[in-house]
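*Asks:* sequence and computational prediction follow.
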Amino acid sequence: MKILAVVGTRPEAVKFAPVIHAAARQPGIDMQVCVTGQHRALVDPVLKFFDIAVSHRLSVMRHNQDLAGLTTRVLEGVRGILLAERPDLMLVQGDTATCFASALAAFYERVPVGHVEAGLRTHELGAPFPEEGMRQMVSRLAAFHFAPTVANAAALEHEGIPAERIYLTGNTGIDAVLWARDRIRRTDPLASLEKKKRSQIQSAKRRVLITSHRRENFGEGIRNICEAVATLAARYPETAWVFPVHPNPEVGRCAQSHLGAIANVALLPPLEYPQFVALMDQSYFLISDSGGVQEEGSALQRPVLVTRSTSERTEAVLEGHALLVGTAHDSIVDAASRLLTSRGLYERMCSGACPFGDGAAANRILAILAREAGVTGKSLLAATA
Ligand code: UDP
């Protein structure tokens, strides 16, 4: 069975890596990887870390790219690869423009689509934008829906997707982060800091990790987050506040002007995945608006303060591993202060099983695909028609 997996951004590369590893272990599977180039500079180091060979490269990225142009270039580029390769199945992951446009190209060419990380929903088309729209549209096009959690599977069933097309697998991002954690023992996430700053941060009693990149938070949200970190840094001088800053210039300017001169704050460039996993692992807790970080924090037993008003990963909140704190200065400061001062709260937030998966999601996905292909004599389309 020939499968084409399409990767556009760093989270897709991270979450596809275990699937590609599992495919290599499964006899009879020819897994081809297409990189669209949506975020090329961020994807290549992830592929290198996971030792993944690329079969096809597109170059869809443009300076100041807009979603319509990006979608069009992925649609046309992926169509060309589909016509040349004629795979039995296309796999897409998540909720990006690459994911949606590739699924649409496959749909037009009558190639069945498997959607990895299906069923995440906020039910608000604007939050997160454009991801909520992208993943809802992919659910309309896919033939196989690999849902990380029971809630994700239920959301898909609620939308009328037949139960026998929904597979509860766990999230492959958990497979990836556990795999990575076992390989980064000697990785130093602070290597880019100059010597004095580095020893200052290393000698702190605790480390808190901050990230922010959601479009909805640009402007007031990111300003509030930076001001809250400045307040916390002054209130807890024995704690190091470490912030790998997203390449968006607005995030960079804001972080620099509010936090650049504070001794116990370290502003880092965006980190490569192994360094980032090492930093999460070494941190006491995380403050983040990232989707993947909510899952990874839960798997690494690091509490996450989520700087968003809504989340498609409510499992972490329900399990007690994450708190939705929004982007108001006081609510971030209050929640972080409680975590730093209440040992009981901290331990409760670290305990319990990760609701997003157990590290075996990719093996489940491959076993399902092998079974489906066996049942249908390799024609997955027949099974889904
Ligand atoms: N990540 C990284 N370096 C960073 C920040 C994040 O490698 O400086 C990783 C993180 O571990 C996770 C993924 O990037 O696997 C999450 O990506 P992002 O937060 O950009 O997207 P989201 O998950 O919100 O879609």
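*Replies:* Thanks, I have it.

*Asks:* following element in sequence after the longest helix belonging to the chain, please.
*Replies:* Longest helix of the chain, by residue count under DSSP state H: helix 67-85. Of the helices and strands lying after helix 67-85 in sequence (DSSP states H and E), the nearest is strand 89-93.

*Asks:* can you list the residues that contact whichever helix or strand comes after that following strand?
*Replies:* Remark: after strand 89-93, the chain's next helix or strand is helix 97-108, criterion DSSP H and E. Helix 97-108 is contacted from outside by 6-9, 12, 34, 36, 38, 60, 67, 70-72, 74-76, 78-79, 82, 90, 92-93, 112-113, 115, 130, 134-135, 137-138, 141-142, using Cβ atoms under 8 Å, 6 or more residues apart in numbering. For the C-beta atoms, the positions are set from N, CA and C on the backbone; glycine is no exception.

*Asks:* and helix 97-108 with helix 67-85, angle?
*Replies:* Computed by axes from the mean of the first three to the mean of the last three Cα atoms, to 10 degrees, the angle separating helix 97-108 from helix 67-85 equals 50 degrees.

*Asks:* give me the angle between helix 97-108 and strand 89-93.
*Replies:* Going by the same axes, to 10 degrees, helix 97-108 makes 160 degrees with strand 89-93.

*Asks:* could you number the chain from 206 rather than 1 from now on?
*Replies:* Got it, the first residue is 206 from now on, which makes the last one we talked about helix 302-313.

*Asks:* alpha carbons of helix 302-313, as CSV, please.
*Replies:* What follows is helix 302-313, C-alpha atoms only, in CSV (Å, rounded to 0.1, in the frame of the first residue of the first chain):
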residue,chain,number,x,y,z
ALA,A,302,-3.6,25.3,5.2
THR,A,303,-1.3,22.4,4.0
CYS,A,304,-3.6,19.9,5.8
PHE,A,305,-6.8,21.3,4.3
ALA,A,306,-5.6,22.0,0.7
SER,A,307,-3.9,18.6,0.5
ALA,A,308,-7.1,16.9,1.6
LEU,A,309,-9.0,18.8,-1.0
ALA,A,310,-6.5,17.9,-3.7
ALA,A,311,-6.9,14.2,-2.7
PHE,A,312,-10.7,14.5,-2.6
TYR,A,313,-10.7,15.9,-6.2
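
*Asks:* list the buried residues in it.
*Replies:* Under the neighbour-count criterion of 16 or more other Cβ atoms under 10 Å, helix 302-313 has 302-312 buried.

*Asks:* for the residues you listed, which one is nearest the ligand?
*Replies:* Cys304 (10.9 Å; Cβ to the nearest ligand atom).

*Asks:* tell me how far that closest one lies from Glu524.
*Replies:* As for Cys304, its distance to Glu524 is 26 Å (criterion: Cβ to Cβ, to the nearest Å).

*Asks:* then Ile570?
*Replies:* If you measure Ile570 against Glu524 using Cβ to Cβ, the figure is 23 Å.

*Asks:* of the two, give the one with the bigger neighbour count.
*Replies:* Just comparing Ile570 and Glu524: by other Cβ atoms under 10 Å the higher neighbour count belongs to Ile570, 24 against 16.

*Asks:* thought the more buried one was touching Thr377?
*Replies:* Yes - Ile570 lies in contact with Thr377 (Cβ atoms under 8 Å); the separation is 7.2 Å.

*Asks:* overlap in contacts, those two.
*Replies:* With Cβ under 8 Å, 6+ apart as the test, Ile570 and Thr377 both reach 224, 321.

*Asks:* ok so, going back, as a markdown table, the buried residues of helix 302-313 with distance to Gly331 and pLDDT would be great.
*Replies:* Converted to a markdown table, the buried residues of helix 302-313 look like this (distance: Cβ to Cβ, whole Å; pLDDT from 0 to 100):
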| residue | distance to Gly331 | pLDDT |
| --- | --- | --- |
| Ala302 | 16 | 97 |
| Thr303 | 21 | 98 |
| Cys304 | 19 | 98 |
| Phe305 | 16 | 98 |
| Ala306 | 20 | 98 |
| Ser307 | 23 | 98 |
| Ala308 | 21 | 98 |
| Leu309 | 21 | 98 |
| Ala310 | 26 | 98 |
| Ala311 | 27 | 98 |
| Phe312 | 25 | 98 |
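
*Asks:* which one of those is nearest Ala356?
*Replies:* Closest to Ala356 out of the buried residues of helix 302-313 is Cys304 (20.1 Å), distances taken as Cβ to Cβ.

*Asks:* what segments of the stretch 456-590 of the chain are strands?
*Replies:* Under the criterion DSSP state E, counting those that start in this stretch, the stretch 456-590 of the chain contains strands at 470-473, 490-493, 509-511, 527-529.

*Asks:* what lines up beside the first one in the sheet?
*Replies:* Pointing back at strand 470-473 there. Counting by DSSP bridges, the strands paired with strand 470-473 are strand 444-449 (parallel).

*Asks:* can you tell if stretch 323-335 touches the ligand?
*Replies:* No - counting by Cβ under 6 Å from any ligand atom, the ligand has no neighbours in stretch 323-335; the shortest distance is 7.6 Å.

*Asks:* I'm done for today, thanks for sticking with me.
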